Each structure stands twice: as structure tokens, then as C-alpha cells.
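**Q** Just to be clear, the model below is a prediction. Sequence and coordinates:
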Protein chains: 4
Amino acid sequence: MASRIPDPVLTADELADFFIKTFPGQDRNFHDFVELRAGFMRLRHDVSAAMLRPGGIVSGPTQMAFADRAAYAVILAHIGIVPMAVTSNLNISFLRGIAARDFYADAHIIKLGRRLATVDVRIWQDDETNIAAQSTVTYALPTD
Amino acid sequence: MASRIPDPVLTADELADFFIKTFPGQDRNFHDFVELRAGFMRLRHDVSAAMLRPGGIVSGPTQMAFADRAAYAVILAHIGIVPMAVTSNLNISFLRGIAARDFYADAHIIKLGRRLATVDVRIWQDDETNIAAQSTVTYALPTD
Amino acid sequence: MASRIPDPVLTADELADFFIKTFPGQDRNFHDFVELRAGFMRLRHDVSAAMLRPGGIVSGPTQMAFADRAAYAVILAHIGIVPMAVTSNLNISFLRGIAARDFYADAHIIKLGRRLATVDVRIWQDDETNIAAQSTVTYALPTD
Amino acid sequence: MASRIPDPVLTADELADFFIKTFPGQDRNFHDFVELRAGFMRLRHDVSAAMLRPGGIVSGPTQMAFADRAAYAVILAHIGIVPMAVTSNLNISFLRGIAARDFYADAHIIKLGRRLATVDVRIWQDDETNIAAQSTVTYALPTD
């Protein structure tokens, strides 16, 4: 009765290769895939000056891009390389400021359907219970 | 550094008393407070014909009302009776149909701030990994 | 280049008939279809005691059900009777309290796709610029 | 009874100066403030290779950053320079792809409260009825 989330079909290294090849202009080697297991992926994000907003905290757009990327990564890890998957909805609540040092995203697949995949992403710093932002991200998967 | 969620300040029975007194016209004795612990509450919901939509599945509004109620209940359980707390934002993704039998809401407090409280609610049936809907609910708390 | 919203294919009376037949147990004759034109529908909602929460204001669930219903109505008005259309995501921001008298929903179709339809709903009272809640509702349309 | 949105207190040029000074590392001179009037602001965005994703369309994070920026700009235009306003929630529905040429954001203030401001943002290309994304953005305003 329960919907089981399958095991990943890619390794973290294969995913990293895909991201580097697919987004070459973006120099996004600031993502580390820290952990990958069934239904779950943890990513690390480092900080540069361009990501900060007044007050020295990490900007909202930096967090949104990270949430979107974490959702994309955990989905691809489970269904294989499907570049044309596109975000259809993203909702994010910003709960606490993030200081100018490494922070993390924990992405849990809530549902992996045929047409839509929904992922819960928690962005945190220092301690995984110290949640800075919660995001629910829905991707539309290509159907043929 | 982590934000600790405090222990509840009310028991499930005290909460139930409050709901019955505060919403008398609504006859909502279909809520059972199944479990209450620090940062978490599980509620059970039974089904009547008026809650069903074409296809015999539980309607979206029934689920939204349940998510909102679950968030309200877990917040009040942790801060005491504050009737004037009001929902400021609710986002819900409907993932699977819910059949015409008991279903549940698991409400986890993500942040309990001074002005805002944010709760993650998962509605499920049969098995807690079989998530039918995910909702993120933000309540504005009265400040004096 | 622009995506044109087509004219409605049903009249307000035909829609009302469908709602009455499809949701008989719910006695929802409190909806009036005030206006229907290409891409747009306005609905009126009256108030009963069961819809009120502490403070005498209209409850959040009443507003969410109204937003969902308004979106469903405007979509069906434009694609015909498709009972199995289901809400896939609803986001609502509650901005002001609604007093215990008639209030309205203005539903604008933002996109009417083959698989998904997205509707912006504004709930207001007294004056259409006095917005009490904004909701974005996405329906999944059956594809065959 | 209606809540009137006040006239802007800043000009588009004053706003542009603020953005350039406040976000120097980000070189975001790709924003043009096309129009500013009571409750409304239109921004133009040009496109560079780093903003594109597979398929040559504008990435989701580029659109989210634009929606957030448009909301921030229209709010500051109406309340003056308040750098510490922070996004508390952002919800975005992606409706159509955006090709690699200029696109626009229309930001309408829905509510300008004392503690929260809510803005509806529509991102479009070629024709303002051709909406590529709809976003509802809530900012928390500092209270003293």
C-alpha cells in the first residue's frame, strides 16, 4: 500500500559529472553531494560575497536556487539523467537568517510519480534541526 | 545553536476541550488527537459522505481544513490557548487520492518564533510513508 | 504569441446545475455565480455561524474551500464538465479578516494547459480592491 | 473600506541607485525599472548565457531571483529604503518556458501592512498576457 521510494540509480559522482557538463557557464562547483540514499540527498553549499545581502546574510535567491538544485539532484539520482525535467512549482518559507559560512540542504522525495515528483527541502546551518528555510518543490517529468 | 522545540504545555485532553468549546457549531468531534510530543502531533480524521468528491475520494477542502487544524492544534499545544492566532499562509500539494476511511495528519513544528510559527503537515492513509498531501502552514501569533 | 483564454463553453446556470447534482450532500447553494466571461468568474459566498472562528471572522478553511471551488468552477466553465479534474496545489495568503457577511471570489485563469490549469483567486469583501486573501490554485486535468 | 495603496515615495532612479550601491558585487545592472506607479512596478530583465538551462530556456532560479527582486523593488518604492526587509515566503508556479531574450516582471502590491507586505508578480515575455510564471511574495517588514 505504501509507495516505496526506489534506490538511487546514479552515484553522487555520476550526478556531479552531469551537473558540471550541463551547466558549464555557471561554475557551480560550490555544490557538494554529501550523502545520497533511497529518497534522500544532502548537499553542501559554500558562500561567496555575491550571495550576501544587506546584513551579511545569505540572500533569498541563493537559497531558492539551492532548494531547486537539491530537488533536481535528488530526482535525477532516482530516475536517471532527464535534463528536461522542469520545476512546475516551488514554495519556500524563510525562517532564519543564514550566516556567511557553509550551509546545507536536505532533500527528501515525498512522491515520485510518473508525471510529477515532489520534494521536501530543508536548508539548515550548523545543526540539522536549525532549519533556515523549508521548501516544497514540484518537478514536471517528461512523458513520452 | 539549534532552536529547540519546547515540550507541550497542554495535554491532548485540554486541547480537545478547547476545540469543543471554541467551535461548538461545527461538531468537529471527528478529530482525535492520537499523539502529542515535543514539536509533534498526530491527528486522526474519520470520513462522512459530505467530505467526498466525485470518485468517492476525500475532497481537497476537507484535507485543507484538516491541515490547518493540525497546525493550529500543535501550535496551541506548545504555546497554550491563544485563540487569536491566525493562519497567514498555507501551501498544500495533493499527491494521492484518499479513500473513504480514516486518515491521519502528522504535524511537525518547523519553527516556533515570537511572531510566526511554521508547521509541516503530512496527510496520510494506511501507512505513514504513503503521503497523500504535504502542507506547510504559517500562523501569525498575536504580539502584545 | 500570447496565449488566448477561450470563451466559456458553459453558462453559469449549467455550472450551477452540475454543482448541485455532483455535491448533493453538501448543500452548497450558498454559491452564486455572479459573473462569467472569458478567463474570469466571480462568485458570491454567504455566511453561516459554522463558518466563523473566534473573533467572529470567517474561518480559513471556509476561504480555502471557496478558493478551490472558484478555481474549479472557472476551469469547468472553460473546458466543460470534467469531474475528475483534481487540485494538485493550492497556495493561499490570508491578508485581512472577513466579517460575517457576504464576500466574493474573483477567479482569473492564468494558464489553461492540456495537463494543468492555474487560476489566481482573490477573495474580497465590500470592495474588490480590499483583498482578504490571494490564492493560486493548480488543477491537474485528466488526459486520455 | 478599501485599502488604498499609497503613491510611491521613491523614483525609479532613486531605487536604481539604492540597488547599485547595496548589491555591488552582483553587477545586476540587467534590471531596468520600466514603469512605476501606485502599487505597481514593471521591470525588464535581459539574458546572459549563465541564466540558461538545458533547452536554451531561462532557468527557474533566474526567474525566482527576478520575482523576489521585483517584489522588493515595488515595496521599497512605496515605503522608502528599508534594507532589512526580508522575504518570508515565496510561492512560484512556472507555466511556460522563457526564451533567451528580454523578459519582464509586473509586480502588484496586494497588501502593504505594517508587518507584512504581499506582492503578486507575473513574469512574461513578448506580451503581458503571455504569463510565464506567477509568484506571490511576502516580505516581513522591520517593526520598531
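**A** Here it is on my side, so go on.

**Q** any idea which helix is longest in chain A?
**A** Identified as the longest helix of chain A according to DSSP state H is helix A:60-79.

**Q** Point out where chain A drops to low pLDDT.
**A** Scanning chain A for pLDDT under 70 picks out the ranges A:1-3, A:24-31, A:144.

**Q** The longest helix of chain A: how far from the chain's middle?
**A** Relative to its chain's centre, helix A:60-79 lies at 2 Å (Cα atoms, centre = their mean, to the nearest Å).

**Q** what's around whatever residue of chain A ends up closest to chain C, how many residues?
**A** Closest residue of chain A to chain C, Cβ to the nearest Cβ: residue A:89 (5.3 Å). C-beta coordinates here come from the backbone N, C-alpha and C atoms, glycine included. The number of residues packed around residue A:89, counting by other Cβ atoms under 10 Å in any protein chain shown, is 26.

**Q** what's the closest non-adjacent residue to it?
**A** residue A:138 (4.4 Å; Cβ to Cβ, 6 or more residues apart in numbering or on different chains).

**Q** quick one: the one you found from residue B:48, how far?
**A** Distance of residue A:138 to residue B:48, given as Cβ to Cβ, to the nearest Å: 30 Å.

**Q** Could you check which of these two has the larger neighbour count?
**A** When residue A:138 and residue B:48 are compared for neighbours, residue A:138 comes out ahead with 25 against 10, by other Cβ under 10 Å.

**Q** Tell me the bridge partners for the more buried one.
**A** The partner list for residue A:138 in beta bridges (DSSP bridges) reads residue A:89, residue A:118.

**Q** same deal with residue A:53?
**A** Applying DSSP bridges, one finds that residue A:53 bridges with residue A:57.

**Q** burial of it, as a residue count?
**A** 20.

**Q** So it sits against residue D:68, correct?
**A** No. Residue A:53 lies out of contact with residue D:68 (Cβ atoms under 8 Å); the separation is 10.2 Å.

**Q** so what sits against both of the two?
**A** In terms of Cβ atoms under 8 Å, 6 or more residues apart in numbering or on different chains, residue A:53 and residue D:68 are both contacted by the residues residue A:60.

**Q** How about the contacts made by the residue nearest to residue A:89?
**A** With Cβ under 8 Å, 6+ apart, residue A:138 has these contacts: A:87, A:88, A:89, A:90, A:116, A:117, A:118, A:119, B:93, C:88, C:89.

**Q** I'd like to know how far the residue nearest the centre of chain A sits from residue A:127.
**A** Among the residues of chain A, the one closest to the centroid is residue A:70, at 0.8 Å (Cα atoms, centre = their mean). Residue A:70 sits 18 Å away from residue A:127, taking Cβ to Cβ as the criterion.

**Q** go on, residue A:94?
**A** Distance, residue A:94 to residue A:127, by Cβ to Cβ: 18 Å.

**Q** Next: residue A:72.
**A** Going from residue A:72 to residue A:127 by Cβ to Cβ gives 25 Å.

**Q** The two: who's more crowded?
**A** residue A:72 (24 against 11).

**Q** Residue A:66 and residue A:105 touch, don't they?
**A** Yes. Counting by Cβ under 8 Å, residue A:66 does reach residue A:105; the two are 5.4 Å apart.

**Q** Quick check: neighbours shared by those two?
**A** Counting by Cβ under 8 Å, 6+ apart, the residues touching both residue A:66 and residue A:105 are A:43, A:45, A:123.

**Q** possible to save those as JSON lines with distance to residue C:61 and neighbour count?
**A** Compiled in JSON lines, the shared contacts of residue A:66 and residue A:105 are given as follows (distance: Cβ to Cβ, whole Å; neighbours: other Cβ atoms under 10 Å in any protein chain shown):
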{"residue": "A:43", "distance to residue C:61": "36", "neighbour count": "25"}
{"residue": "A:45", "distance to residue C:61": "37", "neighbour count": "23"}
{"residue": "A:123", "distance to residue C:61": "30", "neighbour count": "28"}
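
**Q** show me which of those residues neighbour chain B.
**A** With Cβ under 8 Å from any Cβ of the partner chain as the criterion, the shared contacts of residue A:66 and residue A:105 include none near chain B.

**Q** got the residues you listed as CSV, with secondary structure columns?
**A** As requested, the shared contacts of residue A:66 and residue A:105 are exported to CSV (DSSP: H, G, I helix; E, B strand; the rest coil):
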residue, secondary structure
A:43, strand
A:45, strand
A:123, strand
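
**Q** between these, which is nearest chain B?
**A** Closest to chain B, out of all of those and judged by Cβ to the nearest Cβ, is residue A:123, at 11.2 Å.

**Q** Tell me the bridge partners for that closest one.
**A** As for beta bridges, residue A:123 partners with residue A:105, residue A:133 under DSSP bridges.

**Q** which parts of chain A sit against chain B?
**A** So chain A meets chain B at A:1-4, A:89, A:91, A:93, A:95-96, A:110-111, A:113, A:118, A:120, A:122, A:126-127, A:129-131, A:134, A:136, A:138 (Cβ under 8 Å from any Cβ).

**Q** filter these to the buried ones?
**A** Among those, those that count as buried by neighbour count (16 or more other Cβ atoms under 10 Å in any protein chain shown) are A:89, A:91, A:93, A:95-96, A:110-111, A:118, A:120, A:122, A:130-131, A:134, A:136, A:138.

**Q** Looking at those residues, which is nearest residue C:20?
**A** Of all those, residue A:89 has the smallest distance to residue C:20: 32.0 Å, by Cβ to Cβ.

**Q** The closest one reaches residue D:90, doesn't it?
**A** No. Applying Cβ under 8 Å, one finds residue A:89 not in contact with residue D:90, separated by 11.3 Å.

**Q** mind listing what residue A:143 touches?
**A** Residues near residue A:143 by Cβ under 8 Å, 6+ apart: A:114, A:115.

**Q** three-state assignment of it?
**A** Classified using three-state DSSP, residue A:143 is coil.

**Q** Give me the distance between it and residue B:96.
**A** In terms of Cβ to Cβ, residue A:143 sits 18 Å off from residue B:96.

**Q** How far does stretch A:103-110 sit from its chain's centre?
**A** 6 Å.

**Q** Pull it out as CSV, backbone CA atoms only.
**A** Provided in CSV are the C-alpha atoms of stretch A:103-110 (Å, rounded to 0.1, in the frame of the first residue of the first chain):
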residue,chain,number,x,y,z
PHE,A,103,25.1,25.6,4.8
TYR,A,104,23.2,22.5,3.7
ALA,A,105,20.1,21.3,2.0
ASP,A,106,18.4,18.0,2.9
ALA,A,107,16.1,16.9,0.1
HIS,A,108,13.6,14.2,0.8
ILE,A,109,11.4,12.8,-2.1
ILE,A,110,7.8,12.9,-0.9
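
**Q** The residue nearest to residue A:95 when sequence neighbours are not counted is in what secondary structure piece?
**A** Nearest residue to residue A:95, sequence neighbours excluded (Cβ to Cβ, 6+ apart): residue B:111, at 4.4 Å. Using DSSP states H and E, residue B:111 sits in strand B:103-112.

**Q** to the chain's geometric centre, what's the distance from that strand?
**A** Counting by Cα atoms, centre = their mean, strand B:103-112 is centred 6 Å from the centre of its parent chain.

**Q** got the angle for that strand vs helix B:60-79?
**A** Strand B:103-112 runs at 50 degrees relative to helix B:60-79, counting by axes from the mean of the first three to the mean of the last three Cα atoms, to 10 degrees.

**Q** And strand B:103-112, what does it pack against?
**A** Applying 3 or more Cβ pairs under 8 Å, 6 or more residues apart in numbering or on different chains; DSSP states H and E, one finds that strand B:103-112 contacts strand A:131-140, strand B:40-45, helix B:60-79, strand B:116-124.
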